[in-house]
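In: Sequence plus predicted model, see below.
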Amino acid sequence: MNDKINLYEKLSLFDEHWSPRTVAQLNDMDVMVVKAQGEFVWHKHDDTDDFFLVLKGKMIVRLRDRDVHLEAGDLYIVPKGVEHCTFAEEEVHMLLIEPSGTPNTGDSSTAAERKEI
């Protein structure tokens with residue numbers, strides 16, 4: 001990769017919610033942008049942490065014992081094996097980093113298709 005990547009430009013290329021787009025790879029990790037609104041499914045990742053960086057908007061990472069409120073500029077990492085559910089009342093834009101091939105629902109049969117932009 002020789003060119004810079006503008007995350008806001010990449011986010012302008014799609015409208016779907018909960019459908020991450022890979023914009024780069026770092027070692028064996030996908031660097032992705034995603035738009036989200038409403039509630040995602042409760043799930044966990046047994047083998048990897050879940051990284052969220054809010055670029056625009058506000059969201060909640062719901063855990064079984066508490067809620068973590070995030071807004072633009074906030075970063076939160078859900079430890080592997082911890083069940084969680086993300087929620088955004090209004091559209092939020094995020095940067096995600098996770099091992100390539102990680103299903104976003106924790107289950108490959110229900111996960112969003114991997115897409116690159």
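Out: It's in.

In: and the most centrally placed residue in the chain, bridged to which residues?
Out: By CA atoms, centre = their mean, the chain has its centre lying nearest to L96, at 4.2 Å. Taking DSSP bridges as the rule, L96 bridges to M32, F52.

In: Contacts only, for it.
Out: Neighbour list for L96: P20, D30, V31, M32, V33, V34, D50, F51, F52, L53 [criterion: CB atoms under 8 Å, 6 or more residues apart in numbering]. For the C-beta atoms, the positions are set from N, CA and C on the backbone; glycine is no exception.

In: JSON lines please, covering those and showing distance to C85, pLDDT and neighbour count.
Out: Shown next, in JSON lines, are the contacts of L96 (distance: CB to CB, whole Å; pLDDT from 0 to 100; neighbours: other CB atoms under 10 Å):
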{"residue": "P20", "distance to C85": "16", "pLDDT": "93", "neighbour count": "24"}
{"residue": "D30", "distance to C85": "21", "pLDDT": "92", "neighbour count": "20"}
{"residue": "V31", "distance to C85": "23", "pLDDT": "96", "neighbour count": "16"}
{"residue": "M32", "distance to C85": "19", "pLDDT": "95", "neighbour count": "26"}
{"residue": "V33", "distance to C85": "20", "pLDDT": "97", "neighbour count": "24"}
{"residue": "V34", "distance to C85": "15", "pLDDT": "96", "neighbour count": "23"}
{"residue": "D50", "distance to C85": "11", "pLDDT": "92", "neighbour count": "22"}
{"residue": "F51", "distance to C85": "16", "pLDDT": "95", "neighbour count": "17"}
{"residue": "F52", "distance to C85": "12", "pLDDT": "96", "neighbour count": "22"}
{"residue": "L53", "distance to C85": "18", "pLDDT": "98", "neighbour count": "18"}
